[in-house]
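Colleague: pasting the structure only:
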């Protein structure tokens, strides 16, 4: 199993693992590494994460980091969008 783990900035400015159901994204193991990275970036941009890493293993708890953390290119500022919601 391959999955992407996402990160947000903590109050002290360091990266911390995102929590919740969108904090991880299961990747299609049939894809090559480049495509897995593209899928992870698309998910991170959609939900406003700062960075991501790719993990491999039998399960979430029995996995190892195989790359990253990588910054998300073109990160969207979700605070601006949420401020205008309903206007």
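Modeller: Structure's in. What do you need? Keep in mind the model is a prediction, meaning the values are calculated, not measured.

Colleague: which residues in this protein form strands?
Modeller: 2-9, 15-17, 24-27, 51-57, 63-71 (DSSP state E).

Colleague: So in this protein, which helix runs the longest?
Modeller: Secondary structure of the chain per DSSP state H: the longest helix is helix 33-47.

Colleague: which other helices and strands contact that one?
Modeller: strand 2-9, strand 24-27, strand 51-57, strand 63-71 (3 or more CB pairs under 8 Å, 6 or more residues apart in numbering; DSSP states H and E). For glycine as for every other residue, the C-beta is placed from the backbone atoms N, C-alpha and C.

Colleague: cutoff 6 Å now
Modeller: Contacts defined by 3 or more CB pairs under 6 Å, 6 or more residues apart in numbering; DSSP states H and E place helix 33-47 against strand 24-27.

Colleague: what packs against the strand it packs on?
Modeller: Strand 24-27 sits against strand 2-9, helix 33-47, with contacts defined as 3+ CB pairs under 6 Å, 6+ apart.

Colleague: By neighbour count, which bits of stretch 43-62 are buried? Give me those.
Modeller: Of all the residues in stretch 43-62, those buried under the rule 16 or more other CB atoms under 10 Å are 43, 44, 47, 48, 49, 50, 51, 52, 53, 54, 55.

Colleague: on that earlier part again, for the strands of the chain, give me a markdown table that also has distance to residue 37.
Modeller: Output for these, formatted as a markdown table (distance: least, CB to CB, whole Å):
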| stretch | distance to residue 37 |
| --- | --- |
| strand 2-9 | 9 |
| strand 15-17 | 18 |
| strand 24-27 | 9 |
| strand 51-57 | 7 |
| strand 63-71 | 8 |
